[in-house]
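# Need coordinates for the below:
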Amino acid sequence: MNTVADIIDLARKELSDPEFNSVDTYSFYKDSELIEWINNAQQEFSTYTKCLPDYSSYSLALTGGIREYDYNTSIIEIQGGRLAASGNRIKVDSYEGIERRYVMNQADITPFGGWESASGTPKFIITDVEASKLILYPIPTESDTLNLYVFKVSNEVNSTDDVLEIPAQHRYGLLFRIMSLAFAK
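Sure thing, here's the model as predicted:
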């Protein structure tokens, strides 16, 4: 059960909706509908469960003096990163965490803020300010590549030959979601 065709065959058995002469003309559920539901089910499942880690596909080209970067919308959550030139790890932190960290590391009591203009080698990624945008702290002084460690949304499927990205042990769960969408028709 690796391809969309495999899930469609199983769904048709469970829904008692066979194809006639390998064509869906007289079937209640068309292949195009089932593919749409499979796509919906696996993308929803990967979003909720974060079952698809990716440690090699996503990177950002950093430019000295720039602190904000847009990242790919197929990324659900950034776990961390690594600078290509130095190999330094970069941790993910919240806006509030950076505010507290900056205040606590000052010799005297300082008001919140001030960290936004600090520059150097980035140590933290802030991801909770704006959707699909990250902020680096401190602001990079040099250009580099930031390799991201992420959880991502599953691939989009468009045909019966496409391979499912959801791990095999969860594919029967996809079938239940597909059936619930089919019964709602």
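
# So which bits of the top helix by length along the chain are buried?
If each helix of the chain is counted by residues according to DSSP state H, the longest one is helix 31-49. Neighbour counts over helix 31-49 (16 or more other C-beta atoms under 10 Å) mark 31, 33-35, 37-39, 41-43, 45-47 as buried. In this view, the C-beta of every residue, glycine as well, is placed from N, C-alpha and C.

# In JSON lines: these, plus distance to residue 64 and pLDDT.
Formatted as JSON lines, the buried residues of helix 31-49 follow (distance: C-beta to C-beta, whole Å; pLDDT from 0 to 100):
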{"residue": "31", "distance to residue 64": "51", "pLDDT": "91"}
{"residue": "33", "distance to residue 64": "50", "pLDDT": "94"}
{"residue": "34", "distance to residue 64": "50", "pLDDT": "95"}
{"residue": "35", "distance to residue 64": "45", "pLDDT": "96"}
{"residue": "37", "distance to residue 64": "47", "pLDDT": "95"}
{"residue": "38", "distance to residue 64": "45", "pLDDT": "95"}
{"residue": "39", "distance to residue 64": "40", "pLDDT": "94"}
{"residue": "41", "distance to residue 64": "44", "pLDDT": "95"}
{"residue": "42", "distance to residue 64": "40", "pLDDT": "95"}
{"residue": "43", "distance to residue 64": "36", "pLDDT": "95"}
{"residue": "45", "distance to residue 64": "40", "pLDDT": "95"}
{"residue": "46", "distance to residue 64": "35", "pLDDT": "96"}
{"residue": "47", "distance to residue 64": "34", "pLDDT": "96"}
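
# Please name every helix or strand in contact with the longest helix of the chain.
Packing partners of helix 31-49 (3 or more C-beta pairs under 8 Å, 6 or more residues apart in numbering; DSSP states H and E): helix 4-15, helix 171-183.

# Contacts for that helix, please.
4, 7-8, 11-12, 24, 51-52, 76, 152-154, 156-160, 164-166, 170, 173-174, 177-178, 181-182, 185 (C-beta atoms under 8 Å, 6 or more residues apart in numbering).

# Got a PyMOL select line for the buried ones in those residues?
Buried residues among the contacts of helix 31-49 (16+ other C-beta under 10 Å), as a PyMOL selection:
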select buried, resi 4+7+8+11+12+24+51+52+152+153+154+157+160+164+165+166+174+177+178+181+182
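
# ok, back up a step: pull the CA atoms of the longest helix of the chain into PDB?
Output of helix 31-49 as PDB, limited to C-alpha atoms (Å, rounded to 0.1, in the frame of the first residue of the first chain):
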ATOM      1  CA  ASP A  31     -11.000   8.500  -8.900                       C
ATOM      2  CA  SER A  32     -10.500  12.300  -9.000                       C
ATOM      3  CA  GLU A  33     -12.600  12.600  -5.800                       C
ATOM      4  CA  LEU A  34     -10.700   9.800  -4.000                       C
ATOM      5  CA  ILE A  35      -7.400  11.400  -5.000                       C
ATOM      6  CA  GLU A  36      -8.500  14.700  -3.600                       C
ATOM      7  CA  TRP A  37      -9.600  13.000  -0.300                       C
ATOM      8  CA  ILE A  38      -6.300  11.100  -0.100                       C
ATOM      9  CA  ASN A  39      -4.400  14.300  -0.600                       C
ATOM     10  CA  ASN A  40      -6.600  16.000   2.000                       C
ATOM     11  CA  ALA A  41      -6.200  13.100   4.500                       C
ATOM     12  CA  GLN A  42      -2.500  12.800   4.300                       C
ATOM     13  CA  GLN A  43      -1.800  16.500   4.500                       C
ATOM     14  CA  GLU A  44      -4.100  16.900   7.500                       C
ATOM     15  CA  PHE A  45      -2.600  13.900   9.200                       C
ATOM     16  CA  SER A  46       1.000  15.100   8.700                       C
ATOM     17  CA  THR A  47       0.000  18.500  10.000                       C
ATOM     18  CA  TYR A  48      -1.600  17.200  13.200                       C
ATOM     19  CA  THR A  49       0.900  14.500  14.000                       C
END
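
# That'll do, ta.
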